[in-house]
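In: Provided below for reference: sequence and predicted model.
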Amino acid sequence: MDFDYIVVGTGSAGSVVAARLSEMPDARILVLEAGGADLNPWIHIPVGFVHTLNSKTVNWGFEIAPEDYTGGRPMYLARGKVLGGSSSINGMLYVRGNPRDYDDWAQMGNQGWSYEDVLPYFKKTESYKDGFGQYRGGDGPMEIAEFPERYELMDAVLEAGRELGYAPNPDYNGPVQDGFAYYQVTQKDGRRHSAYRAFLKPALKRGNIKLLTKALAARVLVENGRAAGVVYERDGAVEIVRARREVILAAGAVQSPQLLELSGIGAPDKLQAAGVTPRHELPGVGENYIDHFMFRPSWRINRPLTLNEMRRPVPLAREALRYVFGRRGLLTVPTAVIAGFVKSRPELDIPDIQFHIAPASYSDPILRDFDDEPGLTIGVYQTRPESKGSMHITAPDPRRQPHIVGNYLSLEYDRQITVAGFRQARAVMESDAMRPYVAREIHPGPGVDTDAEVLDYCRSTGAAVYHPIGTCRMGHDPMAVVDDQLRVHGLNGLRVIDASIMPAMPNGNTHAPTMMIAEKGADLIKQAARAGG
């Protein structure tokens, strides 16, 4: 089979890229997705993220190697294995980051990636109720909704933020990020709106996209310094498909570098150690792995105002009816309800700590097992961590999980911001606004107070937030993998377009920036096609 373009992956990037390329009527596009159809009902009911994040049927479930920095524990890394990729299993929070993020990318030498440059692509992606203005888009494919529910306890958190000097922010995705607000979510009519549902599924009607599910890309076919196609496995057979113009890897920050290494593209010593013959030297492949590291202190609430009580049989039945007939209530709740963007030190120009605040507490916060009594949890992480890890294959087998080293909290600076984030969360809950609601601190409890005790708590209970980036870093230095056109250095016809190209972590969740990267990447490919490239 021959196509003009081959896109690997249907997640936050791949669905956008494929859909936009299909706008060229003479282009034939093949899209390979290793997972299956998005038939699992928990994908579409928003509260079902608690199931999809831990489901082996729609989730790769990678493991991050244990490290001394985080208590010697292996950690879990959810990645979508289904149409829509991680956009079909994530917490649905829509956060663009801070305008400064993209100006910093440009200052690193990446032309065309300043906030002024990327803002049109953010707007192009989204459909938001207050769109059609300077900062927001109103007619894009991805529906961005204001979380519809309002809770007395969460309104009190907004007031607590005001006490700390952060006024409620009407739009943290606008010109100013600082402050507290109800999260914006990728939901449409009370259902998850994945990148597949928003972009790729409608584009299939154009007739110039061939979509193959359960097709596991094994390697890129490299011939005479050019990406000539992709080798993939499907139904027990190995197939080769060729690309007349370009191969686009949009498999994410774990599997895009994995595919490069399986293809012999990377650091020769690491490739040889994994049993792969080096074909093209790029030492930065799989390096610069960055992720957010979240810990989750919680408090007991003295009134029945939380989600904990709603999960009991009678209230849950009532909430199910609210959802069926009005697409409202408990079943629409994303991974967090209130966003907080705060500073570890008042002299900072932009926030460096993010809160994910939910009117619930958990016996197991990773699995979202609710407590029996009312509670509130604040997920806390440093938004732009400086600690960096790596991701490398261990065998020439696409089904073998790579070795992932997170290096969370390996740098002293990150440890200091982490402790500061905990103290900011505790300050929220000790405010006058929250005092009428708080019975006591559950985790870690008031006995944990010194910096050393707080850090030990964070190390021993924190977890990855599933925001991996940077492993095919964009730049022009010897450790960069792609240039600012997202072309793999030294090879023709091969681009990487997903979160792996981010040179640094954006100030927040990664789904929205990844869709922006895909919009811009698709435009770069179209420009090359018009120029005859």
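Out: Thanks, I have it.

In: for the rest of this, base every contact and every neighbour count on C-alpha atoms.
Out: OK.

In: next, the nearest residue to residue 113 once chain neighbours are set aside: secondary structure please.
Out: Distances taken as C-alpha to C-alpha, 6 or more residues apart in numbering place residue 106 nearest to residue 113, at 5.2 Å, with adjacent residues excluded. Using DSSP: H, G, I helix; E, B strand; the rest coil, the structure places residue 106 in helix.

In: give the contact list for residue 106.
Out: Residue 106 sits next to 112-114 when contact means C-alpha atoms under 8 Å, 6 or more residues apart in numbering.

In: run through this protein and note the low-pLDDT ranges.
Out: Along the chain, segments meeting pLDDT under 70 span 533.

In: remind me, longest strand of it?
Out: Longest strand in the chain, counting residues (DSSP state E): strand 237-249.

In: right, and the helix or strand after that one?
Out: Downstream of strand 237-249, the first helix or strand assigned by DSSP states H and E is helix 252-262.

In: between strand 237-249 and that next one, find me the angle.
Out: Interaxial angle, helix 252-262 versus strand 237-249 (axes from the mean of the first three to the mean of the last three C-alpha atoms, to 10 degrees): 120 degrees.

In: list of residues touching helix 252-262?
Out: Residues contacting helix 252-262 (C-alpha under 8 Å, 6+ apart): 9, 11, 217-220, 249-250, 266, 271, 276, 285-286, 289, 391-393, 396-398, 402, 468-472, 496, 498-501.

In: equivalent analysis for stretch 454-465, please.
Out: Under C-alpha under 8 Å, 6+ apart, the answer for stretch 454-465 is 69-71, 73, 75-77, 291-296, 366, 409, 415, 418-419, 422, 444, 448.

In: again, but for stretch 425-438
Out: Residues contacting stretch 425-438 (C-alpha under 8 Å, 6+ apart): 153, 156-157, 159-161, 163-164, 299-303, 355, 378, 380.

In: filter the residues you listed down to the buried ones.
Out: Using 16 or more other C-alpha atoms under 10 Å as the burial test, the contacts of stretch 425-438 include 153, 156-157, 159-161, 299-301, 355, 378, 380 as buried.

In: which ones among these map onto strands?
Out: Per DSSP E, the subset of those in strands is 299-301, 355, 378, 380.

In: just the buried members of the contacts of residue 106?
Out: Going by neighbour count (16+ other C-alpha under 10 Å), those have 112-114 buried.

In: pull the contacting residues for the closest residue to residue 234 other than its chain neighbours.
Out: Closest residue to residue 234 apart from its sequence neighbours, by C-alpha to C-alpha, 6+ apart: residue 215 at 4.8 Å. By C-alpha under 8 Å, 6+ apart, the contact set of residue 215 is 32-35, 232-234.

In: so of these, which ones are in strands?
Out: Short answer: these in strands (DSSP E) are 32, 232-234.

In: would you mind putting these into a markdown table with distance to residue 463 and neighbour count alongside?
Out: Below are the ones in strands among the contacts of residue 215 laid out as a markdown table (distance: C-alpha to C-alpha, whole Å; neighbours: other C-alpha atoms under 10 Å):
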| residue | distance to residue 463 | neighbour count |
| --- | --- | --- |
| 32 | 31 | 26 |
| 232 | 33 | 20 |
| 233 | 33 | 17 |
| 234 | 34 | 14 |
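
In: and of the residues you listed, the nearest to residue 122?
Out: Among the ones in strands among the contacts of residue 215, residue 32 lies closest to residue 122 (C-alpha to C-alpha), at 25.2 Å.

In: quick one: the strands in the stretch 201-350 of the chain?
Out: 209-212, 216-223, 226-234, 237-249, 265-266, 280-281, 293-294, 298-301, 338-342 (DSSP state E, counting those that start in this stretch).

In: CA-only coordinates of the fourth one in CSV, if you can.
Out: Right, the one you point to is strand 237-249. Taking Å, rounded to 0.1, in the frame of the first residue of the first chain, the C-alpha atoms of strand 237-249 are listed here in CSV:
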residue,chain,number,x,y,z
ALA,A,237,1.0,-10.5,10.2
VAL,A,238,3.8,-8.0,9.5
GLU,A,239,3.0,-5.4,6.9
ILE,A,240,4.9,-2.7,5.1
VAL,A,241,3.3,0.5,3.9
ARG,A,242,5.1,3.2,2.0
ALA,A,243,4.8,7.0,2.2
ARG,A,244,5.3,9.1,-0.9
ARG,A,245,5.7,12.3,1.1
GLU,A,246,6.1,12.0,4.8
VAL,A,247,5.9,9.8,7.9
ILE,A,248,4.5,11.5,11.0
LEU,A,249,5.1,10.0,14.4
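
In: so which bits of it are buried?
Out: Applying 16+ other C-alpha under 10 Å to strand 237-249 flags 240-243, 245-249 as buried.

In: that strand pairs with which strands, and in what direction?
Out: strand 2-8 (parallel), strand 226-234 (antiparallel), strand 494-496 (parallel) (DSSP bridges).

In: of all those strands, which one comes closest to residue 121?
Out: Across the strands paired with strand 237-249, closest to residue 121 is strand 494-496 (C-alpha to C-alpha), at 17.5 Å.

In: mind listing residues that contact the closest one?
Out: Residues outside strand 494-496 that contact it (C-alpha under 8 Å, 6+ apart) are 226-227, 246-250, 256, 472, 482, 486-488.

In: how about it: buried residues?
Out: 494-496.

In: turn those into CSV, columns for distance to residue 463.
Out: Putting the buried residues of strand 494-496 into CSV (distance: C-alpha to C-alpha, whole Å) gives the following:
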residue, distance to residue 463
494, 34
495, 31
496, 27
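
In: closest one of the residues you listed to residue 148?
Out: Closest to residue 148, out of all of the buried residues of strand 494-496 and judged by C-alpha to C-alpha, is residue 496, at 36.1 Å.

In: now that closest one, nearest residue through space, not along the chain?
Out: residue 249 (4.7 Å).

In: verify the stated contact: that neighbour with residue 10.
Out: No - contact criterion C-alpha atoms under 8 Å: residue 249 and residue 10 do not qualify, at 10.2 Å.

In: quick one: the strands in the stretch 401-533 of the chain, in order.
Out: 403-405, 438-443, 463-464, 494-496.

In: looking at those, which is buried most?
Out: strand 494-496 (a mean of 27; mean count of other C-alpha atoms under 10 Å).

In: distance check, residue 1 against residue 239.
Out: 9 Å (C-alpha to C-alpha, to the nearest Å).

In: oh, I was asking about residue 45
Out: 36 Å.

In: dump the residue contacts of the nearest residue to residue 2 once chain neighbours are set aside.
Out: Distances taken as C-alpha to C-alpha, 6+ apart put residue 242 closest to residue 2, at 4.8 Å, once the chain neighbours are dropped. Taking C-alpha under 8 Å, 6+ apart, we find residue 242 in contact with 1-3, 6, 228-230.

In: and the buried ones among those, selectable in ChimeraX?
Out: To isolate the buried subset of the contacts of residue 242 in ChimeraX, counting by 16+ other C-alpha under 10 Å, use the following:
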select :3,6,228,229,230
